[in-house]
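# pasted the sequence and its predicted model underneath.
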Amino acid sequence: MITIAGAGLAGLACAHELLARGLPVTVYDRAEEIGAASASRYAGGMLAPWCERESAEEEVITLGCRALDWWARITPVHRRGTLVVAPRRDRAELRRFARRTRGFRDLDAAEITDLEPELAGRFDAGLFFDREAHLDPRRALRDLARAVAARGGEIRLGTAAPAGVDLDCTGISAPLTDLRAVRGEMAVLRSAEIRITRTLRLLHPRTPIYLVPRGEGIYMLGATMVESDHDGPPTLRALMELLGAAFALAPGFAEAEVIETGAGLRPAFPDNLPRLDWRDGTLFLNGLYRHGFLLAPAMAEAAADKIMEMRHGNPREFRTA
């Protein structure tokens, strides 16, 4: 029996991969329901490896490209691409973004309008990453838990993990000294008037803002990077920037309802890449940072392979990304 601490994104993805290799699995989590205490609760759910290359290493593309098909076997994946735009005053940000990424095509104002009519007359240039996709993080986590259970895995909610588990996926709570917190802040809007069908990224110098459609008039707004370990509600400044970005994209959002706001701490190592660490008889998977849904599948596969290796009597200290 393989024991896992943490029924969040990393823990459930690892359970799924271990079960696929024929190993029995029990997952423990203190939360009473799936996703209630997970950092992924506030995630955008963007499967956007080419966009993420703007501020991440090449490994993010290499590992992240596998995520779209992996998730499509578990939960609905919307393959609508990512549209990146910037106000005219921030045109330099758009060109900088283009220099640091690939897998896109340049768009003019008419082409932007063809893709997303709500943006008509708002932007005269953009980048379209047509191979990217998005999913609903909360539904994806519930669907992943169901997939684990369907394969015979046991998930014990409201239960602390025993000492000395085989695999620790507890995120920012893990006893790893070089782990730091990166705060994610978000707002959820509802509008019956706005129709946007794909992920939008609005660039400006401080931090890009993204908008992800959730269906039925629901949209999630988030900031891609807020360096802070403050574990509390969103600040007024953050909410003003998020809501201002929604208005900049489509003025019709002025009449939207704000149905939820939130903030969570995401675990990151100094190089912002995920890592497997073997320490004192436990394998740690951590540091998914803001690439959780993108990198969890590949890292879970790597973790399952290492568990299989250790079960064959060859435990050794290692680190990978």
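That came in fine, so what should we check first? Computed from a prediction, not measured in an experiment: that's the story for all the values here.
# show me the shaky parts of the stretch 151-300 of the chain.
224-230 (pLDDT under 70).
# go again using 90 as the cut-off
Low-confidence segments of the stretch 151-300 of the chain, defined by pLDDT under 90: 177, 181-185, 204-208, 223-238, 241, 263-265, 271-272, 280-281, 289-290.
# so who does the residue nearest to Gly81 when sequence neighbours are not counted touch?
Leaving out its chain neighbours, the residue that sits closest to Gly81 by Cβ to Cβ, 6 or more residues apart in numbering is Asp130, at 4.2 Å. Yep, even glycine has a C-beta here, placed from its N, CA and C like the rest. Contact analysis of Asp130 by Cβ atoms under 8 Å, 6 or more residues apart in numbering lists 81, 104-105.
# same check, this time on Ala145
Contacts for Ala145 (Cβ under 8 Å, 6+ apart) come out as 7, 12, 34, 155.
# top of those residues by neighbour count?
Leu12 (34 neighbours; other Cβ atoms under 10 Å).
# surely that one and Val148 touch.
Yes: the criterion here is Cβ atoms under 8 Å, and Leu12 meets it with Val148 at 5.7 Å.
# quick one: the strands in the stretch 201-321 of the chain?
209-215, 218-223, 257-268, 275-279, 282-286 (DSSP state E, counting those that start in this stretch).
# reformat those strands as CSV; add mean neighbour count and distance to Asp168.
Shown next, in CSV, are those (neighbours: other Cβ atoms under 10 Å; distance: least, Cβ to Cβ, whole Å):
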stretch, mean neighbour count, distance to Asp168
strand 209-215, 21, 30
strand 218-223, 23, 27
strand 257-268, 18, 12
strand 275-279, 17, 9
strand 282-286, 23, 5
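# okay, now Arg131: neighbour count?
Counted by other Cβ under 10 Å, the residues lying close to Arg131 total 15.
# look up how far Leu68 lies from it.
8 Å (Cβ to Cβ, to the nearest Å).
# next: Pro175.
Pro175 sits 33 Å away from Leu68, going by Cβ to Cβ.
# care to break the chain down by domain?
2-48+135-177+270-311, 82-130+180-268 (automatic domain parsing).
# wait, which of these is closest to Thr62?
For Thr62, the closest of the domains of the chain is domain 2-48+135-177+270-311, at 8.3 Å, according to Cβ to Cβ.
# which stretches in this protein count as helices?
Using DSSP state H, the helices of the chain run over 9-20, 49-52, 58-64, 67-72, 91-100, 109-115, 137-150, 236-249, 292-311.
# any idea which of those helices is most buried?
Sort these by mean neighbour count, taking mean count of other Cβ atoms under 10 Å, and helix 9-20 sits at the top with a mean of 27.
# what packs against that one?
Under the contact criterion of 3 or more Cβ pairs under 8 Å, 6 or more residues apart in numbering; DSSP states H and E, helix 9-20 touches strand 2-5, strand 25-29, helix 137-150, strand 282-286, helix 292-311.
# if you set the cut-off to 6 Å instead, what comes out?
Using 3 or more Cβ pairs under 6 Å, 6 or more residues apart in numbering; DSSP states H and E as the contact test, the elements touching helix 9-20 are strand 2-5, strand 25-29, helix 137-150, helix 292-311.
# and the third one, how far out from the chain middle?
How far helix 137-150 lies from its chain's middle: 15 Å, per Cα atoms, centre = their mean, to the nearest Å.
# now it against strand 218-223, angle please.
100 degrees (axes from the mean of the first three to the mean of the last three Cα atoms, to 10 degrees).
# same deal with the last one?
For helix 292-311 and strand 218-223, the angle between their directions (the same axes, to 10 degrees) works out to 80 degrees.
# where does the stretch 1-150 of the chain dip in pLDDT?
Along the stretch 1-150 of the chain, segments meeting pLDDT under 90 span 35-42, 53-60, 62-63.
# ends of stretch 265-279, what's the gap?
Stretch 265-279 has an end-to-end distance of 24 Å (Cα to Cα, to the nearest Å).
# surely Arg275 meets Leu285?
No: with contact defined as Cβ atoms under 6 Å, Arg275 does not count as touching Leu285 (7.8 Å).
# what about Arg183, neighbour count?
Neighbours of Arg183 under the rule other Cβ under 10 Å: 22.
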